[in-house]
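Peer 1: when you get a sec, could you give me coordinates for this:
(one chain, ligands or ions: 1)
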Amino acid sequence: MTYKTYATYRQSLQNKETTIPQVVQYFLARIEKNQDLNVFLEVYDQEALANAELIQNKIENGTAGRLAGMVIGIKDVLAYKDHGLQSGSKILDGFKSQFTATAIQRLIDEDCIIIGRQNCDEFAMGSSNENSAFGPTLNYADKTRVPGGSSGASAVAVQADLCHASIGSDTGGSVRQPAGFCGVVGLKPTYSRISRWGLAAYASSFDCIGPVTHSIEDAALLLEIMAGLDQYDSTVSNLPVEDYSSVTSTSKKYKIGYFEDAINSEGISADVKANTLVKLEKLKLAGHTMVPISFPKMKYLLPTYYILTMAEASSNLSRYDGIRYGYRNQNAKNLEDLYKKTRGEGFGKEVKKRIMLGSFILSADYYDAYYTKAQRVRRIIKEETEAFFKEVDFIVSPTTPTPAFKIGVKSTDPMEMFLADIFTVHANVVGLPSISIPNGTSAEGLPIGFQVLGTEFGEKNMLEFALNVQKLV
Ligand SMILES: NC(=O)C[C@H](N)C(=O)O
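Peer 2: So this is what the prediction gives:
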C-alpha cells in the first residue's frame, strides 16, 4: 500500500480514493499472510472492521477525529479495556485490562483503529524480542535476524506494512533500537511528557511510551495527541504540549555534537560507521557546525542503566504473586509455596535473572555499593549531558552499534546483548527526548538507524531537525 504519512492517507480518504474498511481489510490480509513473523499476539479483526464502518461514516458526515482510520497496533504492555494484556509473559495468562491506558485512549478518542496487540520481550526486558513467552519475532528484512527489542514486533508491524503505526515503550531504547533494526522511525519523548497510566511498569523512572511510524510527521502527530497532563499519573509534566504536528523542514543551521570516540570504537560495525560518517559529512556540507564531544563517562551508561532498572523492576514485579493477576499455580501447599511456584513457573529466565539481581542490588548489605552509587552516577551523567547542551543543540549517533544480528547469537551472552543499547540508554538515564530515523542499509541490505538526542521538552526542535536530516542527499 502506498502510505507516506497520515496526512496523505487522510487526503485519499477525503478524495474517496479509498475507504477505511478497505484499508482495514488490507491490513488483516497482510497480517494473515505474514503470520510467520510472529508479530501479533491477538488481532481484533471483528472489532476493527466494525470501527472502520463507524469511522468511515464520520468521515462522510464531517465529524471524524484527527486520526480517523489510522490503523494502530499496540505493544503487549499497554492496557486496552477488556482486551488481553500479558507483557509477553506467561505470568499474565488470561489477564484482561480493566481500563485503557491514557495514551491509547487519547488516540482512540481521535478515531484511530486498534488492530491488535503485539509481541515483545517479557516485561520489556530485552533487546531482541527473543525473551517473549510467545517466541521470537522475525525481522522482515531478513527472517533469520532479530527485529531488536523490546518493542521488536511493533517495529516489524510497521516495517512489514501490517498497520500504519505502532505504540511501544522505551525504557532503554526499546522503541528506537528496533526502529533502527527495521528501517522505521522510533520516538522516545522526554520522561514525563506522556502519561504512563496503563503502561505495565518495568523501571518507572525510565519508562516512556513512544510511537513507531513510517514518517517523522506521524511520530510528531501521535506524540502531540498522547502527550500532556493526566489526572491518573502525577509525574506527567504540566508544561504545555506543543503543536509538534506542525513541524516542517527548515534550513536552520545548528551546532551538532557527536561522540567521536564512540563512533570510531571497535564495537561499531564497518557499515554502521560508514553510514554514520557519511551523514556527519553531509550535515557539515549543509552548513551545520559539527562539534566532536569527548564523553569518557559513556562507559558508565550501561552499568548505571542496568543496576537501576533491575532494582526498580524487582520492586515493580513483586505485584505478580499468583493472587491478583493472571497465572496461578494450582498445587501450592501454602501461601509462600503459592508465591514461589507461581513466580517460578510464570516468569521467564531473563525476568527472573533481573528480579534476583535487582533484589540483591537493593539488599541492605549492598544497597549503598550499587543502588546509591548508581543514582549518584546517574546525576553526574545528567549534569555532564546538560553541560554538552550548553555547547550544542543536538547530539547525534548511530542508533545501534551493528545492524540486526542473527536470532540466537547473543542470547547466551548478556553482556553482548546489553551492548546493543549503548547509544540508546543515554536518553533514558538522563530523561531526554530522542528519535531514531532510517539511515540507509548495510551491504547485506539490513537497515541502519541514525539517532538524534534533543534537549528537555525540546521535542519540537528535535523533530524539525530530524526532518532536516532526512532531507539531506
Ligand atoms: N526496555 C528497553 O528499553 C530495552 C532494554 N534493552 C532493556 O532490556 O532494558
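
Peer 1: ok, the closest residue to the ligand within the stretch 301-450 of the chain - how many residues close by?
Peer 2: As assessed by Cβ to the nearest ligand atom, the ligand sits closest to D421 within the stretch 301-450 of the chain, at 4.7 Å. Heads up, the C-betas are built off the backbone N, CA and C, glycines and all. Residues contacting D421 under the criterion other Cβ atoms under 10 Å number 25.

Peer 1: got the contact list for Y366?
Peer 2: With contacts defined as Cβ atoms under 8 Å, 6 or more residues apart in numbering, the neighbours of Y366 are F360.

Peer 1: I meant R196, not that one.
Peer 2: R196 neighbours (Cβ under 8 Å, 6+ apart): 204, 207-209, 233, 235.

Peer 1: which of these fall in strands?
Peer 2: Here DSSP state E is the test, and the contacts of R196 give 208-209 as lying in strands.

Peer 1: tell me the contacts of the residue of the stretch 301-450 of the chain closest to the ligand?
Peer 2: By Cβ under 8 Å, 6+ apart, the neighbours of D421 are 127, 172-173, 177, 302, 305.

Peer 1: on that earlier part again, G84: which of the contacts of R196 is nearest?
Peer 2: I209 (18.5 Å; Cβ to Cβ).

Peer 1: I'd like the distance between that closest one and I115.
Peer 2: 18 Å (Cβ to Cβ, to the nearest Å).

Peer 1: got it, and C163?
Peer 2: For C163, the distance to I115 (Cβ to Cβ) stands at 5 Å.

Peer 1: now for these two: what residues contact both?
Peer 2: Contacts common to C163 and I115, judged by Cβ under 8 Å, 6+ apart, are 27, 71-73.

Peer 1: what residues does the stretch 151-300 of the chain put near the ligand?
Peer 2: By Cβ under 6 Å from any ligand atom, the residues of the stretch 151-300 of the chain that approach the ligand are 170-174.

Peer 1: which of those ranks first by neighbour count?
Peer 2: S174 (37 neighbours).

Peer 1: what about that one, helix or strand, and which?
Peer 2: In this structure, S174 sits in neither a helix nor a strand according to DSSP states H and E.

Peer 1: what residues does it make contact with?
Peer 2: Contacts here follow Cβ under 8 Å, 6+ apart; on that basis S174 touches 120-121, 124, 149-151, 168.

Peer 1: now the two most distant members of those.
Peer 2: Spatially, the most separated pair among the contacts of S174 is D121 and G168, at 11.0 Å (Cβ to Cβ).

Peer 1: please enumerate the strands of the stretch 1-150 of the chain.
Peer 2: With DSSP state E, counting those that start in this stretch as the criterion, the stretch 1-150 of the chain has strands at 40-43, 71-75, 113-118.

Peer 1: and V291, which of the three is it?
Peer 2: The three-state label given to V291 by DSSP: H, G, I helix; E, B strand; the rest coil is strand.

Peer 1: what's the answer for A443, then?
Peer 2: coil.

Peer 1: for it, what are its contacts?
Peer 2: By Cβ under 8 Å, 6+ apart, the contact set of A443 is D271.

Peer 1: residues near C163, how many?
Peer 2: For C163, using other Cβ under 10 Å, the count is 28.

Peer 1: please enumerate the helices of the stretch 301-450 of the chain.
Peer 2: Ranges of helices in the stretch 301-450 of the chain, per DSSP state H, counting those that start in this stretch, are 301-316, 335-346, 349-361, 367, 373-391, 414-419, 425-430.

Peer 1: weakest of those in terms of mean pLDDT?
Peer 2: The minimum mean pLDDT among the helices of the stretch 301-450 of the chain belongs to helix 414-419 (a mean of 81).

Peer 1: hang on, K96 packs against Y80?
Peer 2: No - the criterion here is Cβ atoms under 8 Å, and K96 misses it with Y80 at 9.3 Å.

Peer 1: the two: which is more packed in?
Peer 2: A side-by-side neighbour count of K96 and Y80, using other Cβ under 10 Å, places Y80 first with 22 against 14.

Peer 1: need the nearest residue in space to the residue of the stretch 151-300 of the chain found nearest the ligand, chain neighbours excluded.
Peer 2: Distances between the stretch 151-300 of the chain and the ligand by Cβ to the nearest ligand atom are smallest at S174, namely 3.1 Å. Leaving out its chain neighbours, the residue that sits closest to S174 by Cβ to Cβ, 6 or more residues apart in numbering is S150, at 4.3 Å.

Peer 1: list the contacts of the one you found.
Peer 2: By Cβ under 8 Å, 6+ apart, the residues touching S150 are 75, 88, 120-121, 124-127, 129, 131, 168-169, 171, 174, 178.

Peer 1: so which of the residues you listed is the most crowded?
Peer 2: Among those, P178 has the most neighbours (other Cβ under 10 Å), with 40 neighbours.

Peer 1: that one touches A155, doesn't it?
Peer 2: Yes - using Cβ under 8 Å, P178 is in contact with A155, at 3.7 Å.
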